[in-house]
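J.: kindly generate the corresponding structure for this input.
(one chain, ligands or ions: 1)
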Amino acid sequence: MQEAAQRHTDIGVGPWTGAWPEGDTWDPELLREGDRRNVVDRYRYWRHEAIVADLDARRHDFHVAVENWGHDFNIGSVIRTANAMGANAFHIVGRRRWNRRGAMVTDRYQHEHHHPDAGSLATWAMQEGLALVGIDNLPGSLPIETYDLPRRCVLVFGQEGPGLSEPMRHVCDVVLHIEQFGSTRSVNAGAAAAIAMHAWVRRHVFDQQP
Ligand SMILES: C[S@@+](CC[C@H](N)C(=O)[O-])C[C@H]1O[C@@H](n2cnc3c(N)ncnc32)[C@H](O)[C@@H]1O
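T.: This is a model prediction of the structure:
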């Protein structure tokens, strides 16, 4: 038990040694106490607002939306990956409250939007000039592996169990599936989201067809 506690305090960096750096970027409390947050090394000791502002300057053109009708525990994992992949913002469709546990506080560095239903998300996306790309293995869906993902889009994910709701399927411009080769009906929603976001990154950041 003591060992586990020790390991926990080892995460991150301790108090800043030497003369403190100058400027608004730095958080005096973190410099004094150490920085144990879940952030990449480049952001160590940065103020929260400074990190968000820096991310804002280089967020990608894709958004992520997740349907939230039953407090799916996978949402947190999707949101964490959205942070890692530089999603422009994330959108919760349905219930406003969502299970933040798996997000590991990464949601605090992102912009969160809420839409009460699929229609509201569709209206917002149309106003923003974003395509709605459903991600689910449904009859009629196309393989993401060979589809040319639009740069400006919202990748929309369904929930464990039902998948994308009927109204959401209806408003999506296209629904794409990740090709599977085994016996399971589907992969975990968090895993599917990671694959889909990475397909966008490969196509638009590295300029490669997925
Ligand atoms: C459990 S799955 C949905 C159920 C699935 N449509 C079925 O027939 O059982 C939950 C969510 O994970 C994602 N997902 C899981 N497997 C996928 C796949 N092979 N391709 C695309 N999305 C997938 C989708 O966003 C989906 O809405």
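J.: against H204, how distant is the nearest residue to E128 once chain neighbours are set aside?
T.: In this structure, E128 finds its nearest non-sequential neighbour in R152, 7.9 Å apart by Cβ to Cβ, 6 or more residues apart in numbering. For glycine as for every other residue, the C-beta is placed from the backbone atoms N, C-alpha and C. Separation of R152 from H204 (Cβ to Cβ, to the nearest Å): 10 Å.
J.: which of those two has more neighbours?
T.: Using other Cβ atoms under 10 Å, the more surrounded residue of R152 and H204 is H204, with 18 against 15.
J.: pLDDT score for the more buried one?
T.: pLDDT for H204: 97.
J.: excluding chain neighbours, what is closest to whatever residue of the chain ends up closest to the ligand?
T.: Using Cβ to the nearest ligand atom, the closest approach of the chain to the ligand is made by G158 at 2.4 Å. Once flanking residues are discounted, G158 sits nearest to L164: 3.7 Å by Cβ to Cβ, 6+ apart.
J.: show the contacting residues for that neighbour.
T.: Shown in contact with L164 (Cβ atoms under 8 Å, 6 or more residues apart in numbering): 67, 134-136, 138, 156-158, 172, 175.
J.: out of those, which are buried?
T.: 67, 134-136, 156-158, 172, 175 (16 or more other Cβ atoms under 10 Å).
J.: tell me how far the residue nearest the centre of the chain lies from H114.
T.: Residue closest to the average C-alpha location in the chain (Cα atoms, centre = their mean): A82, at 1.7 Å. To H114, A82 is 15 Å away according to Cβ to Cβ.
J.: likewise V78?
T.: Per Cβ to Cβ, V78 is found 15 Å from H114.
J.: what's the closest of the contacts of L164 to P28?
T.: P28 has its nearest neighbour among the contacts of L164 in F157, at 39.5 Å by Cβ to Cβ.
J.: look up the residues forming beta bridges with that closest one.
T.: V66, I135 (DSSP bridges).
J.: excluding its backbone neighbours, what's nearest W46?
T.: With sequence-adjacent residues excluded and distances taken as Cβ to Cβ, 6+ apart, W46 is closest to T25, at 5.5 Å.
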